[in-house]
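In: build me a model:
(chains A and B)
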There are 2 protein chains.
Amino acid sequence: MEIFKSLGEFRAWRDRLAEHEIKSGARLKMGFVPTMGALHEGHASLLRQSASDNEITILSIYVNPTQFNRPDDLAKYPRTTGQDLEIAHRCGVDAVLIPTASEDLYPDQYTFQIVEKEFSKILEGEHRPGHFEGMLTVVLKLLNVARASKAYFGEKDFQQLALVRGMAKAFFLQTEIVGCPTIRESDGLAMSSRNLRLSKSDRLIAPKLFSAMTEFSNLADARKVLEEIGFKVDYLVDHTHEGSTRRLVAASLGEVRLIDNVPVKGFNEGAAP
Amino acid sequence: MEIFKSLGEFRAWRDRLAEHEIKSGARLKMGFVPTMGALHEGHASLLRQSASDNEITILSIYVNPTQFNRPDDLAKYPRTTGQDLEIAHRCGVDAVLIPTASEDLYPDQYTFQIVEKEFSKILEGEHRPGHFEGMLTVVLKLLNVARASKAYFGEKDFQQLALVRGMAKAFFLQTEIVGCPTIRESDGLAMSSRNLRLSKSDRLIAPKLFSAMTEFSNLADARKVLEEIGFKVDYLVDHTHEGSTRRLVAASLGEVRLIDNVPVKGFNEGAAP
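Out: Below is the predicted model of the structure:
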């Protein structure tokens, strides 16, 4: 497994792969999984999917400052690089890009941005101003650097996945965007790097986010239950996007904000075991 | 010369070229010249440069609605497709993309946009709100569709060239952006598709835009002369961008708005013969 801490070295490696494709007369299938590190079983499932679909799997780990709307959230975002590299190795990753200098990815000092005018402005976009601009901008940079055949994103970040798909379509990207199912703890809590920041008692309450979404058909009832047990609910709504309806929730326990979503039809799909 | 009026057919042709590269074991040099048609000698110089640098030259002709801030300017923008195709053929173009349906290039209905927060907000950006967002957005789409080794832009649209270069750097595009010198009529007027819209008497005055820029070292004097002979001057400034200083001007004669620029050092460079 190759590890690149400089974008320049990664790009040189990627160029050599392209040369190899031309020389060998055969295209390589390449999969790409962009992450912010603190890898968990959700990320591992994306990496394994990529390793199974492709000849080469590229992982990027970059805690992208421009997508954080709260400085404390950026400062406290978990960093577990040593463990991340072990997981990457176990999942069959061939190359890891860990850019250490933000100037590497932002030679323009973030003067160039991707903006989306509709779906990015509601739900997460409404509660985290600037988040999706930062996310889309860094994802476009990373997709262009990786030049993969497929890139893998979790359904847990539903709006992110939909917006990245929209961007790929709007800008005619060569990379196919693949969505993968949310991976849950045995108690139903959607895996998230931010779960590491939950207190012991909040960790016991956190799975109610999923159960409230799936057990109540009435959203007001679900919201009431969540608020009674200590959640501060940002939104809990059924939203129809491109023909399919999802139930989406964002709520905080103390300082830790969690999000989750499920399809509105088939509430039993993906329920906790 | 192949002519594609559907984006889908163009993309299929482009994919076949990529397959050919892999099969033949040799990369093709491809040049791309994106235009809004009404081709003149300025465009022809870009096409000839591309044909000389590359094995394949691609021309696109698309009057991009999102970069027009005035509906009348869009409506009156010259369309001369028959003549454009003759010029393309003479200049050695291999493929012409003329998308007829805006949904082809905007499957997202322009919800996704490229925004630049600094250089795009002054000069042309200040006088033509939304212009650079529309231009950068369509250029990124077209660059991704063409996937050329090099793309050619005229220095006459100085801010456009600088912003496209900045975008290519910020988003790690594979296409090298090549700037080509402004081509002028024998009387010094910078070639522009909008020159076709000048009245006979305004056409006689128009070259003063260039001569005033180059003959006066004092900007106030130059501006005064232009206003006296009937120009409405939007700006006439010396601007330093990335280490080099240009003199930039935008001014209208009647309904027709013209722009031009020269390097501030070496006023005699590029002077009218």
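
In: from here on, contacts and neighbour counts on C-alpha atoms
Out: OK.

In: residue contacts, the residue in the stretch 151-273 of chain A that chain B sits nearest to?
Out: Going by CA to the nearest CA, chain B is nearest to A:Phe171 of the stretch 151-273 of chain A, at 4.8 Å. When contacts are counted by CA atoms under 8 Å, 6 or more residues apart in numbering or on different chains, A:Phe171 touches B:Leu140, B:Lys141, B:Asn144.

In: so of these, which ones are in strands?
Out: Secondary structure defined by DSSP state E assigns none of the contacts of A:Phe171 to strands.

In: quick one: those as JSON lines, columns for pLDDT and distance to chain A too.
Out: Listed next are these as JSON lines, based on pLDDT from 0 to 100; distance: CA to the nearest CA, whole Å:
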{"residue": "B:Leu140", "pLDDT": "98", "distance to chain A": "7"}
{"residue": "B:Lys141", "pLDDT": "98", "distance to chain A": "5"}
{"residue": "B:Asn144", "pLDDT": "98", "distance to chain A": "6"}
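
In: which one of these sits closest to A:Thr245?
Out: B:Lys141 (29.7 Å; CA to CA).

In: now that closest one, nearest residue through space, not along the chain?
Out: Spatially, and ignoring its direct neighbours in sequence, B:Lys141 is nearest to A:Phe171 (4.8 Å; CA to CA, 6 or more residues apart in numbering or on different chains).

In: what distance do you get for that neighbour to B:Phe112?
Out: Taking CA to CA, to the nearest Å as the measure, A:Phe171 falls 8 Å from B:Phe112.

In: A:Val139 now?
Out: Taken as CA to CA, the span from A:Val139 to B:Phe112 is 14 Å.

In: equivalent analysis for A:Leu258, please.
Out: When A:Leu258 is compared with B:Phe112 (using CA to CA), they lie 27 Å apart.

In: all helices of chain A, in order?
Out: Ranges of helices in chain A, per DSSP state H, are A:7-24, A:41-53, A:71-76, A:81-90, A:102-105, A:124-127, A:131-146, A:158-170, A:200-205, A:208-215, A:219-228.

In: who wins for proximity to A:Arg194 among those helices?
Out: Going by CA to CA, the one of the helices of chain A nearest A:Arg194 is helix A:71-76, 9.1 Å.

In: quick one: average pLDDT of that closest one?
Out: For helix A:71-76, mean pLDDT is 93.

In: how far does that helix sit from the chain's center?
Out: Offset of helix A:71-76 from its chain centre (CA atoms, centre = their mean, to the nearest Å): 17 Å.

In: residues in contact with that helix?
Out: So helix A:71-76 is in contact with A:Val63, A:Pro65, A:Phe68, going by CA under 8 Å, 6+ apart.

In: for the last one, give me its contacts.
Out: Think A:Phe68. A:Leu74, A:Arg128, A:Gly130, A:His131, A:Gly134.

In: hang on, the earlier thing: now do the residue of the stretch 151-273 of chain A closest to chain B against B:Thr137, distance only.
Out: When distance is defined by CA to CA, A:Phe171 is 8 Å away from B:Thr137.

In: kindly report the same for A:Arg257.
Out: Here A:Arg257 is placed at a distance of 34 Å from B:Thr137 (CA to CA).

In: can you check A:Leu226 too?
Out: A:Leu226 is 42 Å from B:Thr137, where distance means CA to CA.

In: more crowded one of those two?
Out: Counted by other CA atoms under 10 Å in any protein chain shown, A:Leu226 and B:Thr137 do not tie: B:Thr137 has more neighbours, with 24 against 21.
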